[in-house]
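S.K.: Let's see this in three dimensions:
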Amino acid sequence: MTTQEIEQPLLIAMDQVHFQYQEVDRLLADLRPAFHQGADPTPELSKLALLMGRIGVIEANAAAVRETWKRRKVSPSPQLRQVLDRQKTQLEGVLRLVQELEGMARESQRRLAPQLDASVTASSGHAAYGRTMQRAERARAS
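M.R.: As a prediction, the model looks like this:
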């Protein structure tokens, strides 16, 4: 098997991954306004999980070819080098977006934590008051 014959399936798989990561990039960009507006990010996160699953399947299917290519210890062709560089750049961009969104989520959590604590405390107080009132009513009824 020639180097080109080995690289061809890798190039195809990497193109498929590239298109999936373009969708990941779009979804992550769509999450920015959701975080700013306080909207529920669950639909986008579900789509993101689906896309990452697809990428995992593509990568798993290409693993045997990748191993064969590595065992041959040949330098990548210019075309494969270009695709590898594109994928590296794409992954770095996705990582930056994920880190940005993580920071936004942490900031939102930090900002909302006191409100949540106050709500839980009030709810606990209301529940305790309700239990006290029920005991008092039972005591009066006895």
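
S.K.: what's the model's confidence in the lengthiest helix in the chain, averaged?
M.R.: In the chain, taking DSSP state H as the definition, the longest helix is helix 78-141. Mean pLDDT, computed over helix 78-141, is 81.

S.K.: same check, this time on stretch 24-38
M.R.: 84.

S.K.: quick revisit: what helices and strands are in contact with the longest helix of the chain?
M.R.: Under the contact definition 3 or more Cβ pairs under 8 Å, 6 or more residues apart in numbering; DSSP states H and E, helix 78-141 sits against helix 3-37. For glycine as for every other residue, the C-beta is placed from the backbone atoms N, C-alpha and C.

S.K.: ok, then the element right after the helix it packs on?
M.R.: helix 42-72 (DSSP states H and E).

S.K.: Run the chain-centre distance for that following helix.
M.R.: Chain-centre distance of helix 42-72: 14 Å, with Cα atoms, centre = their mean, to the nearest Å.

S.K.: Next: stretch 56-73.
M.R.: 24 Å.

S.K.: For it, list every residue counted as buried.
M.R.: Neighbour-count burial for stretch 56-73 flags 58, 62, 65, 69 (criterion: 16 or more other Cβ atoms under 10 Å).
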